[in-house]
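In: Sequence first, then the predicted structure, then my questions.
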2 protein chains.
Amino acid sequence: MRPTVTEIEVHDVRFPTSEELDGSDAMNPDPDYSAAYVVLRTDAQDETGGAPAEGHGFVFTIGRGNDVTAAAIRSLRPHVVGRPAPLTAADLGALYRDLTHDSQLRWLGPEKGVMHMAAGAVVNAAWDLAARQAGKPLWQFLADMPPEDLVQLVDFRYLSDALTPEEALEILRAAEPGRAERAAQLRERGYPAYTTSPGWLGYSDEKMIKLAQEAVADGFGQIKLKVGGDLDEDLRRMRLAREAVGPEVRIAVDANQRWDVAEALRWMRALAPYEPHWIEEPTSPDDVLGHAAIRSGQPVKVATGEHVANRVVFKQLLQAGAVDFVQIDAARVAGVNENLAILLLAAKYGVPVCPHAGGVGLCELVQHLAMFDFVAVSGSWEDRVIEYVDHLHEHFADPVVIERGRYRAPAEPGFSARMHPESIAAYRYPDGPEWQARNAAQQEGTS
Amino acid sequence: MRPTVTEIEVHDVRFPTSEELDGSDAMNPDPDYSAAYVVLRTDAQDETGGAPAEGHGFVFTIGRGNDVTAAAIRSLRPHVVGRPAPLTAADLGALYRDLTHDSQLRWLGPEKGVMHMAAGAVVNAAWDLAARQAGKPLWQFLADMPPEDLVQLVDFRYLSDALTPEEALEILRAAEPGRAERAAQLRERGYPAYTTSPGWLGYSDEKMIKLAQEAVADGFGQIKLKVGGDLDEDLRRMRLAREAVGPEVRIAVDANQRWDVAEALRWMRALAPYEPHWIEEPTSPDDVLGHAAIRSGQPVKVATGEHVANRVVFKQLLQAGAVDFVQIDAARVAGVNENLAILLLAAKYGVPVCPHAGGVGLCELVQHLAMFDFVAVSGSWEDRVIEYVDHLHEHFADPVVIERGRYRAPAEPGFSARMHPESIAAYRYPDGPEWQARNAAQQEGTS
């Protein structure tokens, strides 16, 4: 008998990160890093032959509204519970299509925002389940699939003017011969990373400089600073950072969508003498033409993607020559399947993928996609780096490991998505003890 | 003392329209037209001096997920309840900014999907309140505002490469001298409409032909057919419709996002001999470059907008020359304020606005925006028509009135947004008697 999904469990988990200004930037002054966390329960035996197998996934949010996202995940219940547990590429393709093509739910996007991210969390949980049951880390589970299976995972609707299934197959076949060698390289050397930890806007100069120097000492070849609040401030911070790390270390800057086109041009022309490696999210993630204008109007390379809603917008960023780096996010689009489409698009256009990470568990997830890209899609880690932020990894059962500025390739089966049950219990909002204590303290303070 | 918003009330209201295949199209085979309905309660006296004043608004959805949208509206409570009732242009500008710039909630879009539509419902409810308190129908309330006040309502972020506040002011000032004359014309003649009622994919040929002929007899100069299911079917239906209405009546066609670029080109080249007036939603609403390619690659004019997420995407559709008609929707973007931005963008680029309507109450709302555009923005109704669908108007307290193919200008104060309390009670999901009866019948059928 085929195993079945028996339950979908959803938790609203929030961490009070705003208390330390971790994660503060020009658009997000006080994020409480959060996860709308989903567990797919099944009646299959897990890979140890013991407990029933589970799949875990989540949407990353920054606080308020995490409950809305949790409600969106719950609305997907009828598409999952009571159905066969998705374990094969065919199952995982069907589940993704089913979740994103429910016509009534699609109306709420289409394919964007809360409903789309909710679909992504469920898709990712299914991949966690399937990879664990296969006894492989997700990157390897994907990289072991035949090109024909991988192509079946992609929804080519709206893509065919830029990428056909035949072209996708060609890209994957071209990378096939080198898979084993690159997987070995990856296991041996890890995947290049950069760190954003020094660069939050809320940090003092001293803290920023200290963290930047530590990052270089730790082996990172690239750091990132948040910009976009005040130009004079940014010039000062950029100068201090450049002095602290020297001319060889790359310094990317990130405006978090703060600017209009003209502001982006003015700002980046001013910052250019300090040689920023890229300008990230200079303007609205929806503004393909705006990014193209910014890319062509100043000397710094352009990166975006963490808030790009779906493969259709990524397609256009590439068609318009609007970006130098594609920044996929594991939990913004509809999961592994849609990110596979984006990796293939980027490969077609020859644009390197440098994933967005940080938040809660985004490093844990997205490392798998970048590693799979290296082994089986683009076949390259040239000019490619995964973002690293040293927040909240302690809450995960299989946290990322960074060594000398590189992500170690995960060896545990699954998608590294699992939070410790104790962390979920402690930070459940609003009823977990961490939040109850804060609410009690706040009420005392106001009484 | 300033009046205050005392409560935000949210209802999940759904109509079982899928039972009749009303509203069926190539992407949406079985919609249950629904509203996530919001009431802002205040402690102000209403315009009659009697009951406390209220503002009503809603998100339109097509069934499942209406509860998710309702949850999103509830998440906006802290931005509204206990705050001054928004009654002036300044208040309404501030409320809109407050709702769309909550950084934590913005993360869930940004400015798109469930969270953005929820903000739109609350913004529209505030406009309903303010217009009623001013004793004017919304179109007139807006058209009586000085250009300077109207410009303050717009969020120009991400727009300034296409439209500056100064240019917006110029557009509004240029239309100022003719306002009174056009308002008089509007009251006398009504605003041109077209009807989609004949064209749903689920209807038989006979029903379609009969309804098309009735539409012409009723004075409509334009009808619309759904296409995109099957090309031979569409050719047959288009031929039958053209025969039924003759060469003078405009027949628009609507693919509801069904195609990729190449399919749209093939389909529209085939349908072109029947002279469709426009092709609506040929592909993904996110695909600016795709629409541009479709517009330039076949002879039929291109329309889109009902699913366009926000003003940034509309801006690009205009910048790229991708559309011949801009189809605003009253309940997809963040309410009156964002639609004002879109009207101004369309005026700047000289593209006519032909609003999307139908669903639940979309005709009631959007007529006000088109009429305001005529009186105070574009100053023209040349080549402009508001969609009309004859569904569900009986549930509204101030329903649209169509006479000889034109919308009569509303005279009642407010935004025509109010549903009868009896309709809300009867169709509340899942606990209203209409749904309880259906659920009971269904359970009987399956037992």
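Out: Structure received. All values derive from a computational prediction rather than experimental measurement.
In: Now do the contacts for the residue in the stretch 101-250 of chain A positioned nearest to chain B.
Out: Nearest residue of the stretch 101-250 of chain A to chain B (C-beta to the nearest C-beta) works out as A:Gly113 at 1.8 Å. From N, CA and C alone the C-beta is placed, and that goes for glycine too. With contact taken as C-beta atoms under 8 Å, 6 or more residues apart in numbering or on different chains, A:Gly113 is in contact with A:Ala309, B:Leu108, B:Gly109, B:Lys112, B:Gly113, B:Val114, B:Met115, B:His116, B:Ala309.
In: For the first one, report the pLDDT, please.
Out: Going back to what we said before, that points to A:Ala309. Looking at A:Ala309, its pLDDT reads 98.
In: quick one, helices of the stretch 201-350 of chain A?
Out: With DSSP state H, counting those that start in this stretch applied, the stretch 201-350 of chain A shows helices at A:205-217, A:231-245, A:261-271, A:288-297, A:311-319, A:335-349, listed in chain order.
In: in the stretch 251-400 of chain A, which spans are strands?
Out: Ranges of strands in the stretch 251-400 of chain A, per DSSP state E, counting those that start in this stretch, are A:276-280, A:302-304, A:325-326, A:386-388.
In: Report whether the helix or strand encompassing A:Ala441 contacts chain B.
Out: With elements delineated by DSSP states H and E, A:Ala441 resides in helix A:433-446, which encompasses its position. No: remark: helix A:433-446 sits outside contact range of chain B, by C-beta under 8 Å from any C-beta of the partner chain, the gap being at least 14.5 Å.
In: Same question for that helix: list its buried residues.
Out: With burial defined by 16 or more other C-beta atoms under 10 Å in any protein chain shown, the residues of helix A:433-446 counted as buried are A:Glu434, A:Trp435.
In: can you check stretch A:326-339 too?
Out: Along stretch A:326-339, the positions that meet the burial threshold by neighbour count (16+ other C-beta under 10 Å) are A:326-339.
In: Which one of the contacts of A:Gly113 sits in the busiest neighbourhood?
Out: When neighbours are taken as other C-beta atoms under 10 Å in any protein chain shown, the top entry among the contacts of A:Gly113 is B:Val114 (34 neighbours).
In: Doesn't that residue lie inside a helix?
Out: Yes: when the secondary structure is assigned by DSSP: H, G, I helix; E, B strand; the rest coil, B:Val114 falls within a helix.
In: Report the contact partners of the closest residue to A:Ile223 other than its chain neighbours.
Out: Nearest residue to A:Ile223 in three dimensions, chain neighbours excluded: A:Ala215, at 5.1 Å (C-beta to C-beta, 6 or more residues apart in numbering or on different chains). Contact partners of A:Ala215, counting by C-beta under 8 Å, 6+ apart, are A:Thr195, A:Ser197, A:Pro198, A:Ile223, A:Val245.
In: Show me what A:Ile223 is bridged to.
Out: For A:Ile223, the beta-bridge partners are A:Thr195, A:Ile251 (DSSP bridges).
In: That one and B:Val154, how far apart?
Out: Distance from A:Ile223 to B:Val154, counting by C-beta to C-beta, to the nearest Å: 38 Å.
In: go on, A:Arg406?
Out: 47 Å.
In: Repeat that for A:Ala397.
Out: Here the distance between A:Ala397 and B:Val154 works out to 48 Å (C-beta to C-beta).
In: Tell me which of the two has more neighbours.
Out: Applying other C-beta under 10 Å to A:Ala397 and B:Val154 shows that B:Val154 carries more neighbours, namely 22 against 15.
In: Quick check, the more buried one in contact with B:Ala168.
Out: Yes: here B:Val154 lies in contact with B:Ala168, judged by C-beta atoms under 8 Å, at a distance of 6.4 Å.
In: anything in contact with each of those two?
Out: Among the neighbours of B:Val154, those also in contact with B:Ala168 (C-beta under 8 Å, 6+ apart) are B:Leu344.
In: re earlier: which of the buried residues of stretch A:326-339 sit farthest apart?
Out: With C-beta to C-beta as the measure, no two of those lie farther apart than A:Gln327 and A:Asn337, at 18.3 Å.
In: tell me what the longest strand seen in chain A is packed against?
Out: With DSSP state E setting the assignment, residue counts place strand A:34-45 as the longest strand in chain A. Here strand A:34-45 touches strand A:5-14, strand A:52-61, helix A:66-74, helix A:113-133, going by 3 or more C-beta pairs under 8 Å, 6 or more residues apart in numbering or on different chains; DSSP states H and E.
In: Look at A:Ala417 and give its secondary structure.
Out: Under three-state DSSP, A:Ala417 falls in the coil class.
In: contacting residues for it?
Out: Applying C-beta under 8 Å, 6+ apart to A:Ala417 gives the contacts A:His56, A:Gly57, A:Phe58, A:Asn124, A:Ala125, A:Asp128, A:Gly361, A:Glu364, A:Leu365, A:Phe396.
In: Between those residues, identify the one with the most neighbours.
Out: The member of these surrounded by the most neighbours (other C-beta under 10 Å) is A:Phe58, with 34 neighbours in all.
In: partner residues bridging that one?
Out: Using DSSP bridges, the beta-bridge partners of A:Phe58 come out as A:Tyr37.
In: my read: it touches A:Gly335, true?
Out: No: counting by C-beta under 8 Å, A:Gly335 is not a contact partner of A:Phe58; they are 11.0 Å apart.
In: Mutual contacts of the two, please.
Out: Common neighbours of A:Phe58 and A:Gly335 (C-beta under 8 Å, 6+ apart) are A:Ala121, A:Asn124.
In: Against A:Val114, how distant is A:Leu99?
Out: Distance from A:Leu99 to A:Val114, counting by C-beta to C-beta: 13 Å.
In: Oh, that last question was meant for A:Leu159, not what I typed.
Out: Between A:Leu159 and A:Val114 the distance, using C-beta to C-beta, works out to 23 Å.
In: in stretch A:160-179, what counts as buried?
Out: A:Ser160, A:Asp161, A:Ala162, A:Leu163, A:Glu167, A:Ala168, A:Ile171, A:Leu172, A:Ala175, A:Arg179.
In: one step back: export the contacts of A:Ala417 to a markdown table and tack on distance to A:Pro29?
Out: Formatted as a markdown table, the entries for the contacts of A:Ala417 read as follows, by distance: C-beta to C-beta, whole Å:
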| residue | distance to A:Pro29 |
| --- | --- |
| A:His56 | 30 |
| A:Gly57 | 28 |
| A:Phe58 | 23 |
| A:Asn124 | 29 |
| A:Ala125 | 31 |
| A:Asp128 | 33 |
| A:Gly361 | 22 |
| A:Glu364 | 26 |
| A:Leu365 | 26 |
| A:Phe396 | 26 |
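In: ok, the closest residue in space to A:Gly335 that isn't next to it in sequence - contacts?
Out: Computed as C-beta to C-beta, 6+ apart, the closest residue to A:Gly335 that is not its neighbour in sequence is A:Val123, at 2.9 Å. If you count contacts by C-beta under 8 Å, 6+ apart, A:Val123 has them with A:Gly57, A:Leu92, A:Leu95, A:Tyr96, A:Leu99, A:Ala334, A:Gly335, A:Val336, A:Asn337, A:Glu338.
In: Poorly predicted segments of chain A, please.
Out: In the prediction, chain A carries residues with pLDDT under 70 at positions A:21-23, A:47, A:446-447.
In: what number of residues lie near the closest residue to A:Ala70 other than its chain neighbours?
Out: Setting aside the residues directly before and after it, A:Ala70 is nearest to A:Ala36 in space (C-beta to C-beta, 6+ apart), at 4.4 Å. Around A:Ala36 there are 30 other residues, counting by other C-beta under 10 Å.
In: Ok, A:Leu289 next?
Out: As a burial measure, A:Leu289 scores 21 neighbours (other C-beta under 10 Å).
In: Then the one 4 residues further on?
Out: Using other C-beta under 10 Å, A:Ala293 has 21 other residues around it.
In: Return the residues in contact with it.
Out: Taking C-beta under 8 Å, 6+ apart as the definition of contact, the neighbours of A:Ala293 are A:Val261, A:Leu265, B:Asp161.
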